[in-house]
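Asker: 3D model of this:
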Amino acid sequence: MSSQPTLPSLGDSEFRSLQKLMAEASGIILAPNKRPLVAGRLMKRLRHYRLDSYSDYLRLLEQQTHLKERRLVVDLLTTNETYFFREPAHFDYLGQWLGRQRGPLKLWSAACSSGEEPYSLAMVVQEHLRGGDWSILASDLSQSMLEKARDGIYDMAQAKNFPQGWLHRHCLSGIGEMSGRFRVQAALRERVSLREINIVQPLPDGLGRFDVIFLRNVLIYFNNDEKQRIVQRLVSQLRPGGLLFIGHAESIHGFDVPVRLLNPSVYERL
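Answerer: Presented below is the predicted three-dimensional model:
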């Protein structure tokens, strides 16, 4: 009887090398408890190249001919858990705020992942803004997530948190080969501009000022100094009176930024 092949293990030095790679490429700090996740997500890349160890894979990543593979590592190790209307209290608060505004308005989903957050924002704006033009910038570090967001196609299970009637008003249900899926309507997709931006680095020129910035469930991946730099960087793009939303499990208490707390994890630029 043949024995099962032994799976390669991710050793301490190899994990430290991957921690350094992620920190340099994205600013994200991989905590020690992420080692099993890292090993699991990169295992398929070892199989793809028919490599026997993570050390072999790290040597491959050092080669100039495999720079795209380094980008893929960042994609694979960036957690992209998201869904429509996640943390719904934020969207309720935003809807009430929008009802008191007039356009034009600019919103920014600064870690948009596969698009559920910016399209949720687009639906809320469409429903609640009383008048005027509006646009949304949706940015992420992951090219693969941006491509998915650009398509705007999702499994029907993603619609479970939609407010009553919104799926019908803002999306198209698939038929035939697309059965069980839906696509965000073109009128909303055209309002959302997708762009690769690394918020750990200096922001691109010409972004302008925003009325609303969503920076949710991303600060947890950084140390306190980096968190503060990121928040300062984004708040500088927020107009006075504009809103900053962070994740309910996150905190910017004690950061040197000109904001005041309006609601749990909702801040106003002073």
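
Asker: Which stretches in the stretch 151-270 of the chain count as strands?
Answerer: Using DSSP state E, counting those that start in this stretch, the strands of the stretch 151-270 of the chain run over residues 153-155, 171-173, 181-184, 192-196, 210-215, 238-246, 259-263, 266-269.

Asker: and Y57, how many neighbours?
Answerer: 24 (other CB atoms under 10 Å). For glycine as for every other residue, the C-beta is placed from the backbone atoms N, C-alpha and C.

Asker: So it sits against R45, correct?
Answerer: Yes: in this structure, Y57 is within contact of R45 by CB atoms under 8 Å, at 6.4 Å.

Asker: sorry, back to before: can you say which of the strands of the stretch 151-270 of the chain is packed in most?
Answerer: strand 210-215 (a mean of 24; mean count of other CB atoms under 10 Å).

Asker: just to revisit the earlier point, tabulate the strands of the stretch 151-270 of the chain (TSV), appending mean pLDDT and distance to W108.
Answerer: TSV is the format used below for these (pLDDT from 0 to 100; distance: least, CB to CB, whole Å):
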stretch	mean pLDDT	distance to W108
strand 153-155	97	21
strand 171-173	96	23
strand 181-184	97	18
strand 192-196	97	10
strand 210-215	98	5
strand 238-246	98	9
strand 259-263	98	15
strand 266-269	98	13
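
Asker: and of the ones you listed, who's closest to R70?
Answerer: Taking CB to CB, strand 192-196 is the member of the strands of the stretch 151-270 of the chain nearest to R70, at 15.0 Å.

Asker: What helix or strand is the most centrally placed residue in the chain located in?
Answerer: Closest to where the C-alpha atoms of the chain average out (CA atoms, centre = their mean) is A111, at 2.9 Å. Counting by DSSP states H and E, no helix or strand carries A111.
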